[in-house]
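# My questions are about this predicted structure, shown below with the sequence.
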Amino acid sequence: GRMKAGPGLFVAQVVGESMNRLIPNGAWCLWRAGPVALPEGKVVLAQHRGIADAETGGMFTVKRFGSERRVGEDGLVEKVRVTLAPRSRDPGFEAIVVEETDGDEVAVLAELVGVLR
């Protein structure tokens, strides 16, 4: 289908094999910048200073987002751990797990809208 251009949408190329079940290496993808809700289970473009992408060496990665939360002593829900999981046919790719107990957060920059064919 076709999608009209709109605010916050952009196109970027995804390079690598860690998401090849969903996104072929070199595919151009449509993204929505700055998702407002927790993108639980969605494919995201994420940034974290501790990420060293195995294929590109960069601080950015495209993975499926998951998080664990708990209720703190003050009654507020807080994130404890973020998991950025690959979806690859190659079993050599492992999830990136970031503990967030020290306030060091993963920045979700965009949510995948679709792979352009």
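Structure's in. What do you need? Numbers count the residues shown, from 1 in each chain.
# show me where this protein has strands.
When assigned using DSSP state E, the strands of the chain occupy the ranges 9-13, 28-33, 43-47, 60-71, 77-85, 96-99, 107-115.
# who does the first one pair up with?
Strand 9-13 has the following sheet partners, assigned by DSSP bridges: strand 28-33 (antiparallel).
# Give me the buried stretch members for the partner strand, please.
Counting neighbours by 16 or more other Cβ atoms under 10 Å, one finds that the buried residues in strand 28-33 are 29-32. The C-beta positions use only the backbone N, C-alpha and C, and glycine is treated the same way.
# picking up where we left off before, residue 19 is nearest to which of the strands of the chain?
Put simply, out of the strands of the chain the one that sits nearest residue 19 is strand 60-71, at 5.6 Å, with distance taken as Cβ to Cβ.
# ok, residues contacting the lowest-mean-pLDDT helix or strand in the chain?
For the chain, counting by mean pLDDT, DSSP states H and E, strand 77-85 ranks last in confidence among helices and strands (a mean of 85). Counting by Cβ atoms under 8 Å, 6 or more residues apart in numbering, the neighbours of strand 77-85 from elsewhere in the structure are 44, 46, 51, 61, 63-72, 95-101, 105-106.
# Noted, bye for now.
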